[in-house]
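> have a look; sequence and predicted model below, questions after that.
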Amino acid sequence: MEKYTGKSALRGIAIGRIYVIREENFTPSAEKVSDREAEVTRFENARLEAMRQMDILAEEARKKVGEEEAMIFEVHKMMMEDLDFIEGVTLKIRDDGHNAEYAVDATGQELSAIFAAMEDEYMNARSADILDIAGRIVRILAGLSDGSLHSDEPVIVLADDLTPSQTIQMDKSKLLAFVTKNGSANSHTAILARSLNIPSLVNVDIDVDHRYDGHMAVVDGTDGSVILDPDEDILAAKTGAKKRLDEAMEQLKTLIGQDNVTKDGRRINLYANMGNVEDVDKVLQNDAGGIGLFRSEFLYLGRDDFPTEEEQFEAYKEVVSRMSGKKVIIRTLDIGADKKADYFKLDAEENPALGYRAIRICLTREEIFRTQLRAIYRASAFGTVSIMFPMIISVEEIRKIKGIVEDVKRELFNENIRFGDVELGIMIETPAAALVSDELAKEVQFFSIGTNDLTQYTLAIDRQNQKLEPFYDAHHPAVLKLIEMTIQNGHAAGIWVGICGELAADDALTETFINMGLDELSVSPTYILRLREKIRAIGQ
Ligand code: PEP
Ligand code: MG
């Protein structure tokens, strides 16, 4: 039995087997084998396993992103069946007596060079594919993982760290908990874990080693511990604790359908944050009054190319329709910093959090922005949609945005495409925006305060840097003053103000926010009923 501790991103207990995720690339060396036929069989088995993985990935892609992405995996599978490839590898084993890892790697390199030299653009592109499939088979042969999750049963994922795009690609039904050696509780991966309602521990001083694969473990988000190979007593105690937590959660369900109102009659809207279309299930189950933050950039992550207008429209339409008239606030693309997708071809930056991200990308690569706005406006015909813009620092930006929005609406009107009445708002997540919120309030219909970034920029603390967590004070008076100032300026101009950063779920501040006059709190679905309980207990 081994016990480790870390920082917990969500209360909750998970019991299950460990699945280690490490992105390992290695170049195999040439070795001689004594039993050549056994080595050929080893290759054959690995090739079949790789093909099985392609089937799973194709199926996942088909469900999540569409037929076109699924085809990539189908093509990879076909390449694994290619006779030139299979023959190349088996000859190197049978004739030269090489080990399978080396034979696959060398054959992959040879074929890739041949494809790269071809005139035809399509064949040219296969050069990278063949390296990809060879790499996958080599990793299977060497018992290394490819940085993704392929499990038949739900597992506790143990990793050094996980990027948002890695996490987004995982099959959520196979996740019990995350345990990471690095990472911070304010990172998007932790936020994603909260939206999935699974325990997540970051900053755990544990060896991320395949020797733990398949070992039983208990992840306890209430005390930030993970226990490997628990003995029967621990297992029984933790199973009991888990049952009590589940029962408390069940008990909260009696609050479904109730108002978010204090004993002295002050009301507040409780909305939900979400990132994936599937999250709507949890939003509805937890009785959110609306969606206060739809992180639309998650539609752009974990794929090879931009989502088309049609793909985005379908996603937004599904969410908006399922919310049946309840407000859905879609935040426009907030890519950059930790949320990266290769096909954006963003330059490496010294300070990505202070860099080319979010609205700065949208205002300089307008075609991306216009495509998204068209998709959102089209979806607005199916329910109640608001749009908010991230990382705003000036009135000029909003005026420019509003100009583009008007263009898009005119375009749709001329094409006879229906759209609804869409409320426009901005996120207040830079100190600049909070400080000029009196001016900004005259330009928009609502503010939503993004406390994750507002805290990062006010305190000059990188939200991703785990070493700075001791300095990270979520209740810092400077942040609270900026929040209060934003609420006052918003109200003075007659617009509503909410919070959609993680601080909204901090129940130690709920009363403070209500006293400040806040109109809305938007939190991971799992916090809605807990906050409702908290709100209903406030006042005399
Ligand atoms: C925030 O910054 O508080 C916010 C809600 O946006 P994100 O966490 O996606 O940066
Ligand atoms: Mg933000």
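Structure received. Remember, predicted model here, so these are calculated numbers, not experimental data. Residues are numbered from 1 along each chain as shown. Ligands and ions are numbered 1, 2, ... in the order given.

> within the helices and strands, which one has the residue in the chain that ligand 2 sits nearest to?
Closest to ligand 2 within the chain is residue 453: 3.6 Å, counting by Cβ to the ion. C-betas here are computed from N, CA, C, even on glycine. For residue 453, the host element (DSSP states H and E) is helix 451-459.

> just how off-centre is that helix within its chain?
Chain-centre distance of helix 451-459: 20 Å, with Cα atoms, centre = their mean, to the nearest Å.

> quick one: residues in contact with that helix.
Residues outside helix 451-459 that contact it (Cβ atoms under 8 Å, 6 or more residues apart in numbering): 186, 191, 353, 391, 427-431, 434, 461-463, 471-474, 476, 478-479, 482-483, 499, 501-504.

> show me which residues of whichever helix or strand comes after that helix are buried.
Downstream of helix 451-459, the first helix or strand assigned by DSSP H and E is helix 477-492. For helix 477-492, burial by neighbour count (16 or more other Cβ atoms under 10 Å) applies to 479, 480, 482, 483, 484, 485, 486, 487, 488, 489, 490, 491.

> touching ligand 1 at all, helix 477-492?
No: using Cβ under 6 Å from any ligand atom, helix 477-492 never reaches ligand 1; the gap is at least 10.9 Å.

> and the angle for that helix with helix 451-459?
120 degrees (axes from the mean of the first three to the mean of the last three Cα atoms, to 10 degrees).

> per-residue confidence averaged over helix 477-492?
In this model, helix 477-492 has a mean pLDDT of 98.

> and what of stretch 335-344?
Stretch 335-344 shows a mean pLDDT of 87.

> excluding chain neighbours, what is closest to the residue of the stretch 301-450 of the chain found nearest ligand 1?
Here the stretch 301-450 of the chain gets closest to ligand 1 at one residue, residue 450, 2.9 Å apart by Cβ to the nearest ligand atom. Of all residues not flanking residue 450 in the chain, residue 429 sits nearest, at 3.2 Å (Cβ to Cβ, 6 or more residues apart in numbering).

> which residues sit in contact with the one you found?
When contacts are counted by Cβ under 8 Å, 6+ apart, residue 429 touches 390, 391, 392, 449, 450, 451, 452, 453, 454, 457, 501.

> quick one: secondary structure of the nearest residue to the third one once chain neighbours are set aside?
In other words, residue 392. Once flanking residues are discounted, residue 392 sits nearest to residue 426: 4.6 Å by Cβ to Cβ, 6+ apart. For residue 426, the assignment made with DSSP: H, G, I helix; E, B strand; the rest coil gives strand.

> pull the number of nearby residues for residue 426.
Counted with other Cβ atoms under 10 Å, residues neighbouring residue 426 total 27.

> just residue 58 next, same as before
Count around residue 58 with other Cβ under 10 Å applied: 20.

> for it, which three-state class applies?
Secondary structure for residue 58, judged by three-state DSSP, is helix.

> so, low pLDDT: which residues of the stretch 151-300 of the chain?
165 (pLDDT under 70).

> what parts of it come near ligand 1?
Contact residues (Cβ under 6 Å from any ligand atom) of the stretch 151-300 of the chain with ligand 1: 293, 295.

> all helices for the stretch 151-300 of the chain, in order.
Along the stretch 151-300 of the chain, the segments classed as helices by DSSP state H, counting those that start in this stretch run 164-168, 188-196, 232-252, 280-285.

> figure out which of those is closest to residue 214.
Nearest to residue 214, of all these, is helix 232-252, at 16.2 Å by Cβ to Cβ.

> which helices and strands does the closest one pack with?
When contacts are defined as 3 or more Cβ pairs under 8 Å, 6 or more residues apart in numbering; DSSP states H and E, helix 232-252 packs onto strand 13-21, strand 216-220, helix 528-536.

> most tightly surrounded among these?
Stretch with highest mean neighbour count among the helices and strands packed on helix 232-252: strand 216-220 (a mean of 23; mean count of other Cβ atoms under 10 Å).

> for it, which strands pair with it and how are they oriented?
strand 13-21 (antiparallel), strand 225-228 (antiparallel) (DSSP bridges).

> what are the phi and psi angles of the nearest residue to residue 508 once chain neighbours are set aside?
Spatial nearest neighbour of residue 508, chain neighbours left out: residue 475 (7.5 Å); criterion: Cβ to Cβ, 6+ apart. Reported as degrees, to the nearest 10, the phi and psi values for residue 475 are phi -100, psi 20.

> contacts only, for residue 475.
If a contact means Cβ under 8 Å, 6+ apart, then residue 475 has 506, 508, 509 as its contacts.

> my read: residue 375 touches residue 306, true?
No: the pair residue 375 / residue 306 is not scored as a contact, 11.3 Å apart, by Cβ atoms under 8 Å.

> and the two? which has more neighbours close in?
Legend: neighbour count by other Cβ under 10 Å for residue 375 and residue 306, higher for residue 375 (25 against 17).

> so what's that one up against?
Neighbouring residues of residue 375 by Cβ under 8 Å, 6+ apart: 309, 310, 312, 313, 316.

> got CSV for the helices of the stretch 151-300 of the chain, with mean neighbour count too?
Formatted as CSV, these follow (neighbours: other Cβ atoms under 10 Å):
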stretch, mean neighbour count
helix 164-168, 21
helix 188-196, 25
helix 232-252, 13
helix 280-285, 18
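
> hmm, residue 182 is touching residue 161, no?
Yes: in this structure residue 182 lies within contact range of residue 161 using Cβ under 8 Å: 4.2 Å.

> off-centre distance for stretch 321-336?
Computed by Cα atoms, centre = their mean, the chain-centroid distance of stretch 321-336 equals 15 Å.

> is any part of it close to ligand 2?
No: using Cβ under 5 Å from the ion, stretch 321-336 never reaches ligand 2; the gap is at least 6.2 Å.

> go through that stretch and flag the buried ones.
Quick answer for stretch 321-336 (16+ other Cβ under 10 Å): 322-323, 326-336.

> start to end distance for that stretch?
The straight-line separation of the ends of stretch 321-336 (Cα to Cα, to the nearest Å) is 29 Å.

> residues contacting the closest residue to residue 493 other than its chain neighbours?
Residue nearest to residue 493 in three dimensions, not counting chain neighbours: residue 441, with 3.5 Å by Cβ to Cβ, 6+ apart. Contacts for residue 441 (Cβ under 8 Å, 6+ apart) come out as 447, 489, 490, 492, 493, 495.

> which pair in the residues you listed spans the largest distance?
Most distant of the contacts of residue 441, by Cβ to Cβ, are 447 and 492, 11.8 Å apart.
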